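Trainee: Here is my input; please provide its structure:
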Amino acid sequence: MIAALKKAYYVTTYLLSWWWFFSVGFLLNLGSLPLLLLPRSESRGRRMRTVIRRLFALWVWWFNACGVVRVRWLGFNEPLPTGCIYIANHPTLVDAPILLARLPDTICIFKPALLRNPVIGPPAIMAGYVAGESGVDLVREIAGEIAQGKSLLVFPEGTRTGAGLTLGPVKPGFALIAARAHAPVQLLIIRSTPDLVTRGRSWWRPPAIQPSTIEITLDRRWEYDPDNTPAQLSKEVELHLLKVLRSGAV
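Mentor: From the prediction side, this is the model:
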């Protein structure tokens, strides 16, 4: 009986968490639509990034408060610097919201389809998030944003890690941007409970293990080195990620 009640609580709270996410996103979307008609403003974009960060931080607080997903931060003892490229592996659908709740004044690269999404598109555009079209122009544009003091969040795999894999192929785009911007690269390691909104699993399906856990570790940092080519840096990151991820999990 107690086990059944616990399961009902976690399932209900899990679904309620997503209802909150989509409801707040929809309201933020409605408030952002009229502002898109105004000329683009850097100060307005910074304020929107602050709003998004605080809303995501509130969502993370809710996860911890109700116990449905326990988010742990390891190594985050000092304020995080801006003007940095933050990279992470990508095991779950909630990686970006959780990281954006903690990273300072950060933009990210969205799939073009997500920027057209009616729930998150307008706020993301206002915040200065970038559509992930490949090419030199994208690298130049983002490098310019980093030079102005913004941080960048990138998932080098490009999508969530495939089922049964430790890590998907690491793409060198982040390293090209780092070389162009002369920016450091900071690695974040994400470990999570299996089947928590993993690739191929619908958001509305609760994980089998509840409460679930997401653990984010501040890991290695690569300072800008003109002698370290983007290809070399990308390979170093991939090998280091594989080594760390294979060493243990939540």
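
Trainee: Now do the strands in the protein.
Mentor: 69-74, 85-88, 106-110, 130-131, 151-154, 185-192, 212-222 (DSSP state E).

Trainee: Relative to residue 121, which of those strands is closest?
Mentor: Taking Cβ to Cβ as the measure, the strands of the chain were each checked against residue 121, and strand 106-110 came out nearest at 8.8 Å. To be clear about C-beta, it is placed using only N, CA and C from the backbone, and glycine gets the same treatment.

Trainee: Which helix runs longest in the protein?
Mentor: Looking only at the chain and at elements set by DSSP state H, the helix with the highest residue count is helix 2-32.

Trainee: Which neighbouring elements make contact with that helix?
Mentor: Based on contacts counted as 3 or more Cβ pairs under 8 Å, 6 or more residues apart in numbering; DSSP states H and E, the elements that helix 2-32 packs against are helix 42-66, helix 121-126.

Trainee: To residue 42, which of the strands of the chain lies closest?
Mentor: Of all those, the one in closest proximity to residue 42, counting by Cβ to Cβ, is strand 106-110 (11.8 Å).

Trainee: if we can go back for a sec, got the angle between the longest helix of the chain and helix 42-66?
Mentor: Using axes from the mean of the first three to the mean of the last three Cα atoms, to 10 degrees, the direction of helix 2-32 lies 170 degrees away from that of helix 42-66.

Trainee: For helix 2-32, the averaged confidence score.
Mentor: Averaging the model's pLDDT scores along helix 2-32 yields 91.

Trainee: Worst mean pLDDT among the strands of the chain?
Mentor: The stretch with the lowest mean pLDDT among the strands of the chain is strand 130-131, at a mean of 82.

Trainee: Quick check: which helices or strands does it pack against?
Mentor: strand 106-110, helix 136-147.

Trainee: Using CSV, write down the CA coordinates of the first one.
Mentor: What follows is strand 106-110 as a C-alpha-only set of coordinates in CSV (Å, rounded to 0.1, in the frame of the first residue of the first chain):
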residue,chain,number,x,y,z
THR,A,106,24.7,32.1,-21.2
ILE,A,107,23.4,31.7,-24.7
CYS,A,108,23.1,28.3,-26.4
ILE,A,109,22.8,26.8,-29.9
PHE,A,110,19.3,25.6,-30.6
